[in-house]
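Asks: got a sequence here, can you build the structure:
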Amino acid sequence: MGELIVRREGAVGSILFSNVARHNAMTYAMWHEFPERLHELDADRDVRVIVLAGDGDKAFVSGADISQFQQNREEEGMQQAYNRALVTAYGAPSRCEKPVIAKIRGFCMGGGLGIAAGCDIRICSDDAQFRMPAARMGLGYAFPGIQKFVALIGPANAADIFFSARQFDAAEALRIGFVQRVTKPDDLDAVLDEYCGIIAANAPLAVASAKRSIVESGRDESRRDMNAVEGLIEAAGESEDHEEASAAFMEKRTPVFKGR
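Replies: Modelled structure (predicted):
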């Protein structure tokens, strides 16, 4: 059975999707547990950036565990529970204050594509393969998920990948804006480590305020929580970290931020 493996290494927290025999397909338990584990990392003051990755080198997440999915469809009430778990999981990265990065190698399909779309940044190896197969499975896709894809890659590109259900590679994922960077497989770990280090060295409150503004900008204007946005901006401006940045600039040294 699949599991989520949570790790903390310095300022970087990570969640590893592990179901290697099924290319890291997500079980119902994994869908249900994922938001909880992500929330725990987000609440850890020592963690400044979160990375999501698949176990092994064959897949990020290949989708939902189809055998279990079919079983759940046949049980009364389980289909609705399963769908709610998926929607909650897809939205979990955007509910974090900290940046969430998808580290993608191999297959990223169906539910894996949905998880990746919910992250702030996506970095993949050049052997990554992407697909949204909902149309081939006769499934409608929840509106919040479609909305996320439209915001990321535009309506025409979203229409293409949902209508055709075709597979596309890392180069195309970069071209349409789904991923932000493509690396050689052997370089993926080093690139992620370096990038996470850059983020972790910045002022956490400033990063959190930027993320909240980005997330709210993707919502309908009537649903935006501008009080939360303004509160985070104000907190960053009044923080000890802002004072530290000013002092470090005057003293020509690298600032050391503490997240307060």
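
Asks: C-alpha only now, for contacts and for neighbours.
Replies: OK.

Asks: check this structure and tell me which residue is nearest its centre.
Replies: What sits nearest the mean C-alpha location of the chain, by Cα atoms, centre = their mean, is residue 119, with 2.3 Å.

Asks: so where do the strands sit in the protein?
Replies: 3-9, 12-18, 49-54, 59-61, 100-104, 107-109, 121-125, 129-131, 167-169, 181-183 (DSSP state E).

Asks: so what are the domain limits for this structure?
Replies: Domain ranges of the chain: 3-199, 203-250, per automatic domain parsing.

Asks: want to throw these into a markdown table with mean pLDDT?
Replies: As requested, these are exported to a markdown table (pLDDT from 0 to 100):
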| stretch | mean pLDDT |
| --- | --- |
| domain 3-199 | 93 |
| domain 203-250 | 90 |
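
Asks: deepest-packed of those, please.
Replies: domain 3-199 (a mean of 18; mean count of other Cα atoms under 10 Å).

Asks: contacting residues for residue 167?
Replies: Applying Cα atoms under 8 Å, 6 or more residues apart in numbering to residue 167 gives the contacts 129, 130, 131, 132.

Asks: can I get those residues in JSON lines with distance to residue 253?
Replies: JSON lines is the format used below for the contacts of residue 167 (distance: Cα to Cα, whole Å):
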{"residue": "129", "distance to residue 253": "43"}
{"residue": "130", "distance to residue 253": "43"}
{"residue": "131", "distance to residue 253": "46"}
{"residue": "132", "distance to residue 253": "48"}
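
Asks: show me which of the residues you listed is closest to residue 64.
Replies: For those, the minimum distance to residue 64 (Cα to Cα) is 11.7 Å, reached by residue 132.

Asks: what's the separation between the closest residue to that closest one other than its chain neighbours and residue 224?
Replies: In this structure, residue 132 finds its nearest non-sequential neighbour in residue 110, 4.8 Å apart by Cα to Cα, 6 or more residues apart in numbering. Counting by Cα to Cα, to the nearest Å, the gap from residue 110 to residue 224 is 28 Å.

Asks: dihedrals phi and psi, the residue nearest to residue 47 when sequence neighbours are not counted?
Replies: Computed as Cα to Cα, 6+ apart, the closest residue to residue 47 that is not its neighbour in sequence is residue 11, at 4.4 Å. Residue 11 adopts backbone torsions of phi -90, psi 0, taken as degrees, to the nearest 10.

Asks: surely residue 11 touches residue 48?
Replies: Yes. Assessed by Cα atoms under 8 Å, residue 11 is found in contact with residue 48 at 5.2 Å.

Asks: what touches both of those two?
Replies: residue 200.

Asks: rewinding a little: residue 256: which of the domains of the chain is closest?
Replies: domain 203-250 (7.1 Å).

Asks: please consider this matter closed, and thank you.
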